[in-house]
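Student: Next one to model:
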Amino acid sequence: MAPDTGSAKTVAEVMRPNKRGVAYFSNLSDPALLSARDYFQSRSNNHSPAKPYTICKEWSNWIEAFKQCDDGEWRLAAEKAPKITIADQIRCPCQSMPHKTSSSITESTHGSSSLSSGTLTAGALGRVRSEFSTNFDTYVGASWVLRTGADVDKILFQHGMTLSVESLLHSFILDQASLAIGCFEGEDRVLFQGALDRADSQESLLLPEWKRHEISRYSLAPEQLHDLVGSGWKNIGQEDSYDDVDDVELRQFRKTLNLAMFELSSLYEKYDNKLPPFQSEPWYVTKVWAILFNLVATSSERLDFEPGDVCSSASSIRRNENRDLEERHMSGRKFDGLFRCEKSRVEIGAIEVGKADEGPTGSKVLKDARKLGKGLKDMFDLICNNCAQPIKNELRLHGLLISGLRVDFISLRYLEGRFYRLTREKTCSIPITFDGNGIRLIIRLVEEILLFKDRMELSAKLAYNATPPESDELPRTDGDIMPTSSHARTLSTPRNSPKPKRRRLSTT
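Tutor: So this is what the prediction gives:
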């Protein structure tokens, strides 16, 4: 009654859990598959139920043990079957469900994050790996090779082919350094980690001293701050002037800053100096973060901010670059806000907002980080493809990842070969209570928001100066020849990817 490898592969393909984590084998008649059903149900009903992908990982080892057992001893065989290694997963019959790993912009002490969009179906996983492999092969630039001769691109590609959920690595973006470093050994690991450290420690832009001085005027007690912002911007700092600052720029900055602090002060005053917890996503966007978004957009001559569910044109161009009239036009990714260069309308940044602060490893935070990283890379690739001169090594794009009252400042830069680096520059929070310590946190956040604006303006200036006005689409190759690209393309979001479902609690 021992099953063959064909039956094993069939089990791996048909095993689909429902919302309770139990697989149904309703139309199976093969004795081996019936035994697999009993095996799965027993593992699902014990005190430490195994997840479906764990069962599939054990399947190939169970086959070997099962062949040596008599009828009815499959339970003993399953208990004796060892867990397979990561290296064996590529060779086992159920390779459609290998070891589950996911990456994030947040470093984890466990080496991997808690993010899971659900293990992909066999078909979806196959499409992810096929597109990942195609994007790897169509890249025409030089690979990232270490001094020892190790090909970083190939090593990370091989690691990406073992993942069973979509990762930013499939879009050639390194977000969690620890997982990538773990792919190397010895001197290769030292050289690779050194390259990441140098990229992450590049000199950052500093906020001008005169702006910091103007912001520090609002570091007051709550009652004094209410009085200051209520007096109007024209009555603040009239005795001070700066030799290297234009008067028009100074007045505009003071007006914008005072308006933002007045609106924040009024918001706290409305709720008795304590913001209400557990609000909806639109509440956080319209009541809180819109004040700081305006601080970026209204004080900038190079940036244009578009709030709301906005489709990215860079994402749309990438999705439709090989489209013809017989195919449906695909819209771009939707973001909760987009930053564009005001003159050229080139996208240079994006915002993603969540309603609850789940911490740095919350599922919504990590999924938004993955979405934001892919969107920034689409913008980066479009700018570089349209540039009359190479700016890949100088360009940096930025985004905001917001979760409740918490914000992560995200940046994307090019590394070497096919790969990019997504990092979290800074994390700040809007305080719940409007007191002395809360005001200091607000001052710090305002400084970071203005620094974010200055970085965005530099990116907008660099992109505008290097992009011809008539360039508005990516190159297209027709015919039967596989198109090549000077950048490693972003992975399309796999269809049939499982999404987490809310569990309805019983009221009885």
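Student: burial count for residue 389?
Tutor: Neighbour count of residue 389, defined by other C-beta atoms under 10 Å: 7. Where C-beta positions appear, they are placed from N, C-alpha and C, glycine not excepted.
Student: Equivalent analysis for the one 10 residues further on, please.
Tutor: Residue 399: 30 surrounding residues under other C-beta under 10 Å.
Student: Mind pulling up the pLDDT for the residue lying closest to it once chain neighbours are set aside?
Tutor: Across the structure, with C-beta to C-beta, 6 or more residues apart in numbering as the measure, the residue nearest residue 399 apart from its sequence neighbours is residue 410 (4.4 Å). Reading off the per-residue confidence, residue 410 sits at a pLDDT of 93.
Student: ok, residue 410 - how many residues close by?
Tutor: The criterion is other C-beta under 10 Å. On that basis, residue 410 has 27 neighbouring residues.
Student: surely it meets residue 398?
Tutor: Yes: Residue 410 sits in contact with residue 398 when judged by C-beta atoms under 8 Å, with a separation of 6.6 Å.
Student: Quickly list what's touching both of those two.
Tutor: 376, 425 (C-beta atoms under 8 Å, 6 or more residues apart in numbering).
Student: Now for residue 393, how many residues are close by?
Tutor: If you count neighbours by other C-beta under 10 Å, residue 393 ends up with 10.
Student: same check, this time on residue 231
Tutor: Counted with other C-beta under 10 Å, the burial measure for residue 231 works out to 12 neighbours.
Student: distance of it from residue 239?
Tutor: With the distance defined as C-beta to C-beta, to the nearest Å, residue 231 ends up 14 Å from residue 239.
Student: From residue 376, how far off is the nearest residue to residue 333 once chain neighbours are set aside?
Tutor: Beyond its immediate neighbours in the sequence, the residue positioned closest to residue 333 (C-beta to C-beta, 6+ apart) is residue 315, lying 4.2 Å away. Here residue 315 is placed at a distance of 10 Å from residue 376 (C-beta to C-beta).
Student: Helix, strand, or coil at residue 322?
Tutor: What DSSP: H, G, I helix; E, B strand; the rest coil gives for residue 322 is coil.
Student: What is the neighbour count of it?
Tutor: Should you count by other C-beta under 10 Å, residue 322 turns out to have 11 residues around it.
Student: What pLDDT is listed against it?
Tutor: 77.
Student: sorry, back to before: tell me the strands beside the helix or strand that contains the residue nearest to residue 399, with direction?
Tutor: Assigned by DSSP states H and E, residue 410 belongs to strand 406-414. Paired strands of strand 406-414, with direction, are strand 396-403 (antiparallel), strand 420-429 (antiparallel) (DSSP bridges).
Student: Need the contact partners of the longest one.
Tutor: Spelled out, that is strand 420-429. Here strand 420-429 makes contact (C-beta under 8 Å, 6+ apart) with 105-106, 168, 172-175, 196, 199-200, 204, 357, 360, 369, 373, 376-377, 380, 398, 401, 405-415, 441, 444-445, 448.
Student: And the buried ones among the residues you listed, selectable in ChimeraX?
Tutor: The ChimeraX selection below is limited to those of the contacts of strand 420-429 classed as buried (16 or more other C-beta atoms under 10 Å):
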select :105,106,168,172,173,174,175,196,199,357,360,369,373,376,377,380,398,401,405,406,407,408,409,410,411,412,413,414,415,445,448
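Student: Can you give me the neighbour number for the closest residue to residue 157 other than its chain neighbours?
Tutor: Among residues not flanking residue 157 along the chain, residue 136 sits closest, at 5.3 Å (C-beta to C-beta, 6+ apart). Neighbourhood size, residue 136 [other C-beta under 10 Å]: 20.
Student: Residue 308 now?
Tutor: A total of 10 residues lie near residue 308 under the criterion other C-beta under 10 Å.
Student: Residue 148 too?
Tutor: 12.
Student: just residue 394 next, same as before
Tutor: Residue 394, neighbours per other C-beta under 10 Å, totals 12.
Student: quick one: contacts for the closest residue in space to it that isn't next to it in sequence?
Tutor: Computed as C-beta to C-beta, 6+ apart, the closest residue to residue 394 that is not its neighbour in sequence is residue 462, at 6.3 Å. Residue 462 makes contacts with 391, 394-395, as judged by C-beta under 8 Å, 6+ apart.
Student: Confidence-wise, which of the residues you listed comes last?
Tutor: Across the contacts of residue 462, no position has a lower pLDDT than residue 391, which has 86.
Student: Backbone dihedrals for that residue, please?
Tutor: Residue 391 adopts backbone torsions of phi -130, psi 10, taken as degrees, to the nearest 10.
Student: so what's the residue nearest to residue 399 bridging to?
Tutor: Note on residue 410: beta-bridge partners residue 399, residue 424, judged by DSSP bridges.
Student: if I look at it, how far off is residue 293?
Tutor: 16 Å.
Student: ok, back up a step: and what about the residue nearest to residue 394, helix, strand or coil?
Tutor: Per three-state DSSP, the secondary structure class of residue 462 is helix.
Student: again with residue 335
Tutor: With three-state DSSP as the basis, the three-state label of residue 335 is strand.
Student: let's number from 36 now, not from 1
Tutor: Shifting the count to begin at 36 puts that one at residue 370.
Student: Next up, the contacts around it.
Tutor: Applying C-beta under 8 Å, 6+ apart, one finds that residue 370 lies in contact with 344-345, 347, 385-387, 406-407, 410.
Student: same thing but at 7 Å, please
Tutor: Contacts for residue 370 were tallied using C-beta atoms under 7 Å, 6 or more residues apart in numbering; they are 345, 347, 385-387, 410.
Student: Which one of those is nearest to residue 219?
Tutor: Proximity of those to residue 219, judged by C-beta to C-beta, is greatest for residue 410, which lies at 28.7 Å.
Student: In which helix or strand does the closest one reside?
Tutor: Taking DSSP H and E as the definition, one finds residue 410 inside helix 398-420.
Student: just checking, what packs against that helix?
Tutor: Using 3 or more C-beta pairs under 7 Å, 6 or more residues apart in numbering; DSSP states H and E as the contact criterion, the elements in contact with helix 398-420 are helix 348-354, strand 382-389, strand 431-438, strand 441-449.
Student: helix, strand or coil for the closest residue to residue 488 other than its chain neighbours?
Tutor: Take residue 488 and drop its neighbours on the chain: the residue closest to it by C-beta to C-beta, 6+ apart is residue 331, 4.4 Å away. Reduced to three states with three-state DSSP, the structure at residue 331 is helix.
Student: now the angle between helix 398-420 and the strand holding residue 445, please.
Tutor: With axes from the mean of the first three to the mean of the last three C-alpha atoms, to 10 degrees as the criterion, the two stretches strand 441-449 and helix 398-420 enclose an angle of 30 degrees.
Student: quick one: strand 441-449 to strand 382-389, angle?
Tutor: Here strand 441-449 runs at 150 degrees with respect to strand 382-389, directions being taken by the same axes, to 10 degrees.
Student: my read: residue 195 touches residue 206, true?
Tutor: No: the pair residue 195 and residue 206 fails to qualify as a contact (C-beta atoms under 7 Å) at a distance of 9.6 Å.
Student: Next up, the contacts around residue 228.
Tutor: Neighbour list for residue 228: residue 216 [criterion: C-beta under 7 Å, 6+ apart].
Student: Let me know the helix or strand that it is in.
Tutor: Residue 228 is part of helix 221-235, with elements assigned from DSSP H and E.
Student: could you give the angle of that helix to strand 441-449?
Tutor: When the same axes, to 10 degrees is applied, the directions of helix 221-235 and strand 441-449 differ by 110 degrees.
Student: buried stuff in helix 221-235?
Tutor: For helix 221-235, the neighbour count (16+ other C-beta under 10 Å) marks 223, 227, 230-231, 234 as buried.
Student: Make a markdown table out of the residues you listed and add pLDDT and distance to residue 158.
Tutor: Conversion of these to a markdown table gives the following (pLDDT from 0 to 100; distance: C-beta to C-beta, whole Å):
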| residue | pLDDT | distance to residue 158 |
| --- | --- | --- |
| 223 | 94 | 35 |
| 227 | 94 | 34 |
| 230 | 92 | 36 |
| 231 | 92 | 34 |
| 234 | 86 | 36 |
